[in-house]
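Novice: Structure for this input, please:
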Amino acid sequence: MLLPGAAGLSHTLAAQPGTSMSASFDSFWRRTFCMCTKRSRPRWVVLLVLTVFCYQAVQYESKTRFLTSIAQKRRPRVEAGVPDELVESNKHDTTLKEDPGGYENMHDHDAAFHFYNTVQLSPKLKAVYDFKAGQTINDVYASQLAIAAISDDRRLSILSIGSGDCSIELQVAKILENVYQVKPNFTCYEPSEAGRERAKITLSNLTSSDKSSFSIQDRLLPRPTEQPFDAIFAHHSLHHAADLEFIFMYIKDNMKADGTFVCSDMIGRNGHRRWPEQLYVAENLWRRLPRSSKHDFILNTDILQYPDYDYTCEGKSDIREGIRSQDILPLLVRNFHFRYFVAWGGISFEFVGRRLAQNFSPHTAVGKEFLLELTSLEEKLTSEGVIKPDQMIATLTHKASQSEQVTCWQHWTPTYCIRKTELDSHSTSVALNPCKK
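Specialist: This next block holds a predicted model:
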């Protein structure tokens with residue numbers, strides 16, 4: 001049952017577009033005055049109407065102040081591809097302001113990232129690559145590149161595709177020399193001018209003899225027929241490239257018949273986005289998180305929704321992310337033979353990346369519990385075929401008529417880890433609720 005005058009009250013206070021708040025109140029006061037001055041109205045009706053008015057006025061005022069404060073706190077969008085409605089307020093003080101697609105701190109990560117790799121990646125590397133405690137991913141790279149050093153003088157010609165600042169290549173070279181007694185000669189292909197300039201700075205402190213082991217070029221130049229590369233190396237560079245078919249054809253034409261191709265890269269959805277079935281799981285995890293764990297340390301703001309950003313749209317850097325990530329693994333399967341293969345990820349990309357990782361410190365009980373749940377869920381769903389990994393490391397060779405069987409983690413073969421893009425986007429997510437306790 002509506003109170004006397006209540007229907008008119010709500011209608012009057014809901015100001016139409018172009019009507020000011022004061023005009024709405026003036027209109028209401030006139031109507032209230034006329035109603036209250038009629039002698040036929042009991043006194044309790046007048047008091048009740050005035051009480052309702054005061055309550056509505058306070059609510060209206062509070063809502064107006066709240067929306068105004070949000071509008072004042074809202075920062076302009078600083079990164080293309082990030083919807084404005086995801087940005088809410090700026091409460092945290094942080095010094096992390098580097099472009100995620102740039103070269104500054106490219107290889108620096110937070111504790112959550114390292115904890116995740118220790119729990120999720122290390123056991124796989126140990127099973128497939130004989131990875132040992134205290135080693136890094138660079139030790140895996142060096143051990144696989146050293147396989148191609150079969151000459152008597154132990155010299156090894158290596159092409160690095162997308163070498164960036166050459167910091168990874170420099171560390172791998174030291175391991176090859178000190179552990180495997182291999183003399184590497186790196187040809188570093190880097191299409192970005194900024195990358196080439198940083199590579200020159202990285203290599204500037206080397207001795208003249210060490211510098212001679214590195215050459216930097218801005219294009220893929222054909223090798224003489226009699227001097228193909230012993231090995232090819234690509235560390236997280238293929239997802240920046242649009243011409244994957246050309247790159248793989250170049251590798252096949254310019255690598256020795258018994259050469260080795262070592263590759264580590266993103267193999268998930270283009271733009272580093274989640275596939276629908278992955279997004280369903282990530283959003284379930286996100287909804288359970290407290291507000292304090294939803295700060296974006298790149299935008300320096302709290303965000304309302306899970307950040308399933310399209311990184312191909314980044315405008316702050318000349319490096320575009322994940323242009324054809326989902327094509328990398330299918331093309332590798334088509335063009336090469338896999339000797340060793342490890343895949344991981346699928347849900348964790350944003351949670352342990354630079355954007356959100358500081359929210360989940362493994363040094364706290366809550367952060368550690370969340371990371372363990374994340375890795376366990378990711379492992380379970382991948383093994384069951386519900387989701388597919390989005391990262392991989394592989395050792396590849398030329399295709400042969402009698403290829404040896406690939407060594408991989410459990411049943412996670414390269415073919416198994418390919419996500420079929422023609423899948424119905426709702427076929428998996430509708431009935432799935434793995435996050436439910």
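Novice: Kindly list the longest strand within this structure.
Specialist: When the chain is parsed with DSSP state E, its longest strand is strand 255-266.
Novice: who does it pair up with?
Specialist: The strands beside strand 255-266 in its sheet (DSSP bridges) come out as strand 229-235 (parallel), strand 391-398 (antiparallel).
Novice: what's the closest of the ones you listed to residue 162?
Specialist: If you check each of the strands paired with strand 255-266 against residue 162 by C-beta to C-beta, strand 229-235 wins as the nearest, at 6.3 Å. (C-beta placed from N, C-alpha, C; glycine too.)
Novice: List the buried residues for that closest one?
Specialist: Of the residues in strand 229-235, 229, 230, 231, 232, 233, 234, 235 count as buried by neighbour count, 16 or more other C-beta atoms under 10 Å.
Novice: Of those residues, which pair is most distant in space?
Specialist: Using C-beta to C-beta, the pair of the buried residues of strand 229-235 lying farthest apart is 230 and 235, separated by 17.2 Å.
Novice: Can you give me the end-to-end span of stretch 127-138?
Specialist: Taking C-alpha to C-alpha, to the nearest Å, stretch 127-138 runs 17 Å from one end to the other.
Novice: which parts of it are buried?
Specialist: Those would be 128, 129, 131, 135, 137, 138, for stretch 127-138 by 16+ other C-beta under 10 Å.
Novice: Need the phi and psi values for the second one.
Specialist: Meaning residue 129. The phi/psi pair for residue 129 (degrees, to the nearest 10) reads phi -110, psi 10.
Novice: That one against residue 340, yeah?
Specialist: Yes - if you go by C-beta atoms under 8 Å, residue 129 and residue 340 touch, sitting 6.3 Å apart.
Novice: Need the overlap of contacts for these two.
Specialist: Both residue 129 and residue 340 are in contact with residue 144, where contact means C-beta atoms under 8 Å, 6 or more residues apart in numbering.
Novice: quick one on the thing from earlier: including pLDDT, secondary structure and distance to residue 287, could the buried residues of stretch 127-138 go into CSV?
Specialist: Output for the buried residues of stretch 127-138, formatted as CSV (pLDDT from 0 to 100; DSSP: H, G, I helix; E, B strand; the rest coil; distance: C-beta to C-beta, whole Å):
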residue, pLDDT, secondary structure, distance to residue 287
128, 97, helix, 35
129, 97, helix, 37
131, 93, coil, 35
135, 92, coil, 38
137, 95, helix, 33
138, 96, helix, 38
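Novice: hmm, back to that, go through the buried residues of strand 229-235 and name the one nearest residue 47.
Specialist: So of the buried residues of strand 229-235, ranked by how close each gets to residue 47 (C-beta to C-beta), first place is residue 235, at 76.1 Å.
Novice: Check what pLDDT that closest one gets.
Specialist: pLDDT, residue 235: 97.
Novice: Run through the bridge partners of it.
Specialist: The partner residues for residue 235, given DSSP bridges, come to residue 264.
Novice: Can you give me every residue that contacts it?
Specialist: Counting by C-beta under 8 Å, 6+ apart, residue 235 touches 141, 160, 162, 168, 264, 265.
Novice: what stretches of the stretch 1-150 of the chain score poorly on pLDDT?
Specialist: Scanning the stretch 1-150 of the chain with the threshold set as pLDDT under 70 gives 1-46, 49, 52-109.
Novice: what does the stretch 251-400 of the chain give?
Specialist: 314-319.
Novice: 80 instead, please
Specialist: Residues of the stretch 251-400 of the chain that meet the criterion pLDDT under 80 lie in 313-320, 400.
Novice: Please, where are all the strands along the stretch 251-400 of the chain?
Specialist: Remark: strands assigned in the stretch 251-400 of the chain by DSSP state E, counting those that start in this stretch are 255-266, 295-296, 301-302, 336-344, 391-398.
Novice: CA atoms only for the first one - export them in CSV, please.
Specialist: As requested, C-alpha coordinates have been extracted for strand 255-266 and formatted as CSV (Å, rounded to 0.1, in the frame of the first residue of the first chain):
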residue,chain,number,x,y,z
MET,A,255,69.2,-24.2,-39.8
LYS,A,256,71.4,-27.2,-40.2
ALA,A,257,69.7,-30.5,-40.9
ASP,A,258,70.7,-31.7,-37.4
GLY,A,259,70.2,-28.2,-35.9
THR,A,260,68.2,-27.3,-32.8
PHE,A,261,65.4,-24.8,-32.4
VAL,A,262,64.8,-23.7,-28.8
CYS,A,263,61.6,-21.7,-28.3
SER,A,264,59.7,-20.3,-25.4
ASP,A,265,56.5,-18.2,-25.9
MET,A,266,52.9,-17.4,-25.3
